[in-house]
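J.: Everything below, folded, please.
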Amino acid sequence: MRTLFKSTLIVFLILGLATLAWSESATKEEVINQCQAASKLLTDKGIDAAVKAIGDKQGPFVWKDTYVFLMDLDGKMLAHPFKPELTQRDDLLQVADTDGKPLFMEFVKLANSSGKGWVDYMWPKPNEEKPVGKTSYIYRVPGTQYFVGAGIYK
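T.: Numbering: from 1, shown residues only. Modelled structure (predicted):
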């Protein structure tokens, strides 16, 4: 009986820790650091390497409950690990969130003006359907027509 109790307790402890690890939320600092790392990858290795790494659902730019995405200044999504279908459109400038905010247009404006900053909007968490509040850090890759973004869910 004791062995069964201990085994059951261990299983629940392991499952609890695994759930806690996935439910952990990314921080603003992590988001900024990951955007800078993605920018450096693009600068050092080129656009093809950046698209491959950023678009990889199992890659280095997916962590905790978020991910990095890559766009150009024309509003074209070049890499998105959870919604690769966004890369099939010529641009996303007219796409709005559930509140009517043209979020991709906001990203492009920010990348073109100050080159970095935060944008609030509604977006579903990875592998979920219902949009929730999200704020994304947009970071223009210096000397290029590209920018990266990553966000935290509210």
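J.: From what I see, Y121 and S136 are in contact.
T.: Yes - applying Cβ atoms under 8 Å as the test, Y121 and S136 come out as touching, 7.4 Å apart. From N, CA and C alone the C-beta is placed, and that goes for glycine too.
J.: Sketch out the helices for this structure, chain order is fine.
T.: 2-23, 28-45, 47-54, 103-113 (DSSP state H).
J.: is the most centrally placed residue in the chain in a bridge, and if so with what?
T.: Using Cα atoms, centre = their mean, the residue of the chain that lies closest to the mean C-alpha position is Y67, 2.7 Å off. Beta bridges link Y67 to V62 when assigned by DSSP bridges.
J.: distance of it from A50?
T.: From Y67 across to A50, the span is 14 Å (Cβ to Cβ, to the nearest Å).
J.: low pLDDT regions in this protein?
T.: Residue ranges of the chain with pLDDT under 70: 1-23.
J.: Which residues does stretch 123-134 contact?
T.: Contact partners of stretch 123-134, identified using Cβ atoms under 8 Å, 6 or more residues apart in numbering, comprise 62, 65-67, 81-82, 97-98, 103, 120-122, 151-154.
J.: Which members of those are the farthest-apart pair?
T.: Farthest-apart pair in those is V62 and T98; separation 23.6 Å (Cβ to Cβ).
J.: Separate out the buried members of the contacts of stretch 123-134.
T.: Listed as buried from those are 62, 65-67, 81-82, 97, 103, 121-122, 151-153; burial here means 16 or more other Cβ atoms under 10 Å.
J.: Pick the one among those closest to C35.
T.: Taking Cβ to Cβ as the measure, C35 sits nearest to G151 out of those, at 10.0 Å.
J.: Bridged to the closest one, which residues?
T.: G151 forms beta bridges with S136, as assigned by DSSP bridges.
J.: my read: it touches T66, true?
T.: Yes - using Cβ under 8 Å, G151 is in contact with T66, at 6.0 Å.
J.: Now list whatever residues contact both of those two.
T.: With Cβ under 8 Å, 6+ apart as the test, G151 and T66 both reach V31.
J.: List phi and psi for R89.
T.: phi -90, psi 150 (degrees, to the nearest 10).
J.: show me the contacts for it.
T.: Contact analysis of R89 by Cβ under 8 Å, 6+ apart lists K76, M77.
J.: Try it again at 10 Å.
T.: G75, K76, M77, V95, F104 (Cβ atoms under 10 Å, 6 or more residues apart in numbering).
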